[in-house]
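In: Following is a predicted model, sequence given first.
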Amino acid sequence: MVVGFEKAVSATKSVVTSAKKAPTTLSSDRVINFARGDPTMYESYWRQMGEKCTIVISGHNLMSYFSNAGHFCWFLMPELDRAIRRLHCVVGNAVVDDDRYVVVGNGSTQLFQAVLYALSSSYDPDTEPLSVVAAAPFYSSYPEETEFLRSGLYKWAGDAYSFDKDGAYIEVVTSPNNPDGAIREAVVNRDGGKLIHDLAYYWPQYTPITGKADNDIMLFTFSKATGHAGSRIG
Ligand SMILES: Cc1ncc(COP(=O)(O)O)c(C=O)c1O
């Protein structure tokens with residue numbers, strides 16, 4: 001469900017108004033901004049955690065470009081790599097065996113763009129750009145994120161359900177889906193297809209975890225896992 005911020009605010013106001021008749025403890029900070037999906041509802045939880053969850057980064061930390069020289073993702077601190085793998089193991093939402101790479105980026109948005117490049121860069125730029133599709137209703141930022149760099153290698157091609165071009169393509173499979181929460185699988189299923197699994201919401205606070213996701217390319221993000229959207233870590 002997507003509703004505008006104004007509507008969400010006025011809906012809350014009407015709840016608060018009716019609270020006069022039947023008093024509740026609802027307060028105005030219970031507004032959820034559906035327009036942007038800003039996960040600030042976790043803020044009060046982290047405040048309660050207080051010092052237990054405070055991180056101090058000393059001035060001499062993180063000086064080198066290379067946190068893990070020789071690793072595929074050379075700027076990923078080994079501690080963070082281990083913590084990410086451990087979290088997935090505890091939750092049981094993704095296969096993170098040693099033969100899998102963990103790559104961090106500036107949120108899942110940057111990783112999405114990096115993956116589009118990685119999947120399309122071996123194609124001859126003189127041929128048509130690779131089509132990028134997702135089954136409607138899809139996350140409203142995919143078209144913009146795909147077109148943002150004006151790449152000649154790939155282009156947004158809309159709803160996967162109506163995609164009928166032959167040849168190579170990229171399908172984004174979002175599960176649980178934004179905006180409707182549906183559990184999704186690929187819908188095009190033709191030769192030449194490459195899949196990006198956007199698992200931003202595959203965490204137990206959003207959906208039952210029914211098994212370890214085991215896809216070639218899986219996107220997760222701190223924005224939805226812990227609510228730290230401003231940290232820009234995906
Ligand atoms: C399905 C989905 N993928 C990715 C993102 C963006 O994640 P990030 O903040 O890590 O760029 C969002 C944010 O709303 C989302 O809903």
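Out: Structure's in. What do you need?
In: Tell me how far stretch 209-224 lies from the chain's centre.
Out: Put simply, stretch 209-224 sits 9 Å off its chain's centre (C-alpha atoms, centre = their mean, to the nearest Å).
In: So is it next to the ligand?
Out: Yes: applying C-beta under 6 Å from any ligand atom, one finds that stretch 209-224 is in contact with the ligand at Thr221, Ser223. Bear in mind the C-beta positions are built from the backbone N, C-alpha and C, glycine included.
In: Can you give me the end-to-end span of that stretch?
Out: Distance between the two ends of stretch 209-224: 15 Å, counting by C-alpha to C-alpha, to the nearest Å.
In: Give the buried residues for that stretch.
Out: Ala213, Ile217, Met218, Leu219, Phe220, Thr221, Phe222, Ser223, Lys224 (16 or more other C-beta atoms under 10 Å).
In: mind listing which of those are in strands?
Out: Counting by DSSP state E, the part of the buried residues of stretch 209-224 found in strands is Met218, Leu219.
In: ok, so of the buried residues of stretch 209-224, who is nearest His197?
Out: Met218 (4.9 Å; C-beta to C-beta).
In: residue contacts, that closest one?
Out: Met218 makes contacts with Ala94, His197, Leu199, as judged by C-beta atoms under 8 Å, 6 or more residues apart in numbering.
In: Just the pLDDT at the spatially most central residue of the chain, thanks.
Out: Nearest to the mean C-alpha position of the chain, counting by C-alpha atoms, centre = their mean, stands Ala200 at 3.5 Å. At Ala200, the model reports a pLDDT of 98.
In: again with Ser121
Out: 84.
In: Checking my notes, the residue nearest to the centre of the chain in a strand, right?
Out: No: read with DSSP: H, G, I helix; E, B strand; the rest coil, Ala200 is coil and lies in no strand.
In: Please identify the buried residues of the strand or helix carrying Tyr117?
Out: According to DSSP states H and E, Tyr117 maps onto helix 107-120. By 16+ other C-beta under 10 Å, the buried positions in helix 107-120 come out as Gly107, Ser108, Thr109, Leu111, Phe112, Gln113, Val115, Leu116, Leu119, Ser120.
In: Filtering the residues you listed by proximity to the ligand, which remain?
Out: Restricting the buried residues of helix 107-120 to contacts with the ligand (C-beta under 6 Å from any ligand atom) yields Gly107, Ser108, Thr109.
In: CSV for the contacts of Met218, including distance to the ligand and neighbour count?
Out: Below are these laid out as CSV (distance: C-beta to the nearest ligand atom, whole Å; neighbours: other C-beta atoms under 10 Å):
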residue, distance to the ligand, neighbour count
Ala94, 15, 22
His197, 11, 22
Leu199, 9, 21
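In: For Ile233, state which of the residues you listed is nearest.
Out: Ranked by distance to Ile233 (C-beta to C-beta), the contacts of Met218 are led by Leu199 at 15.0 Å.
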